[in-house]
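**Student:** give me the fold of what follows.
(one chain, ligands or ions: 1)
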Amino acid sequence: MNTIEYSLIIENENEDENRLPATLQSKIDALENHCFGHIDPIEVEECFYAEKWGRVLAFSQQELIGHLILHKRTITFEGKTMIIGGAVGACVQQNMRRKGVAENMMTIGLKALAKEGCDVACLTVDPVNGQDPIKLYSKLGFVMIPREISYEDSHGRIRYDSESMFIPLGSVEKFNFIMESPVTFHYGKGYW
Ligand SMILES: CC(C)(COP(=O)(O)OP(=O)(O)OC[C@H]1O[C@@H](n2cnc3c(N)ncnc32)[C@H](O)[C@@H]1OP(=O)(O)O)[C@@H](O)C(=O)NCCC(=O)NCCS
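**Tutor:** Next up, the predicted model:
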């Protein structure tokens, strides 16, 4: 049986030090294209432009088979300052799916975000991907927010979406506050 190895990479504040080896970067690009090639690149550029805080990679026999992006930012929602984390863009190579790779990457990523002081984590679910990711995230403890969220796109326009899930990390109180508030939750600049 092949073992799957996981690697957590935290980005450095110095952008130059974040450059991954070109061969690894091209494998990530290919894997992302395999998983998200159907998404309009303009939408990706305009909405999913937030800086990465880290990533989780999964390897089988030295080959990249999974990728997860991590984000972190401080926001103020209804007068409360909070640190929100993102564990987004979960992507597993087709022939390695349904073996728990995404669940393991998410668990590693969420643990790292919790350790970093995040109160909650949130993510976007693309309805095009069907119910599977929603089932996976629900199993991990994510809950669909029962109203729209908003975010600022790269042109400064406010956009709205209704497919966002949240999980408590450091603060159940802040999680409940977000979920129960009638006010639109604003992610800030970029829908991750
Ligand atoms: C969504 C995605 C990341 C899931 O990756 P994955 O590695 O297959 O996920 P997991 O294996 O952790 O879990 C998926 C299912 O396999 C099941 N599973 C896990 N280990 C298993 C095993 N050893 N044997 C059988 N089933 C298993 C899980 O219970 C889960 O089942 P469920 O959907 O019925 O709850 C993957 O399908 C993918 O890359 N899709 C395209 C991109 C995408 O849509 N990303 C999500 C963006 S929101």
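**Student:** can we go C-alpha only for contacts and neighbour counts from here?
**Tutor:** Will do.
**Student:** residues in contact with the residue nearest to residue 166 when sequence neighbours are not counted?
**Tutor:** Nearest residue to residue 166 in three dimensions, chain neighbours excluded: residue 122, at 4.3 Å (Cα to Cα, 6 or more residues apart in numbering). Residues near residue 122 by Cα atoms under 8 Å, 6 or more residues apart in numbering: 84, 85, 86, 87, 142, 164, 165, 166, 167.
**Student:** and those, which of them are in strands?
**Tutor:** Those of those mapping onto strands are 84, 85, 86, 87, 164, 165, 166, 167, per DSSP state E.
**Student:** any idea which of the contacts of residue 122 has the most stuff around it?
**Tutor:** When neighbours are counted by other Cα atoms under 10 Å, residue 85 leads the contacts of residue 122 with 29 neighbours.
**Student:** among the ones in strands among the contacts of residue 122, which one lies nearest to residue 187?
**Tutor:** Closest approach to residue 187 among these (Cα to Cα): residue 84, at 8.6 Å.
**Student:** residues in a beta bridge with the closest one, which ones?
**Tutor:** residue 73, residue 120 (DSSP bridges).
**Student:** the ligand versus that one, what's the distance?
**Tutor:** Per Cα to the nearest ligand atom, to the nearest Å, residue 84 is found 18 Å from the ligand.
**Student:** any low-confidence regions in the chain?
**Tutor:** 1, 127-131 (pLDDT under 70).
**Student:** how about the residues of it near the ligand?
**Tutor:** The chain has residues 35, 89-92, 97-103, 125-126, 129, 132-133, 135-136 near the ligand, with proximity defined as Cα under 6 Å from any ligand atom.
**Student:** can you select the buried ones from the residues you listed in ChimeraX?
**Tutor:** In ChimeraX syntax, the buried subset of those is picked out as below (16 or more other Cα atoms under 10 Å):
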select :35,89,90,91,92,101,102,103,125
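**Student:** strands - which of the residues of the chain next to the ligand land there?
**Tutor:** Secondary structure from DSSP E places 89, 90, 91, 92 of those in strands.
**Student:** what bridges to the third one?
**Tutor:** What that stands for is residue 91. The partner residues for residue 91, given DSSP bridges, come to residue 67.
**Student:** what number of residues lie near residue 190?
**Tutor:** Neighbours of residue 190 using other Cα under 10 Å come to 22.
**Student:** that one and the ligand: what is the separation?
**Tutor:** Residue 190 sits 16 Å away from the ligand, going by Cα to the nearest ligand atom.
**Student:** that residue: what's it in contact with?
**Tutor:** Contacts of residue 190 by Cα under 8 Å, 6+ apart are 46, 47, 48, 49, 50, 151, 152, 153, 154.
**Student:** report the buried members of the residues you listed.
**Tutor:** 46, 47, 48, 50, 151, 152, 153, 154.
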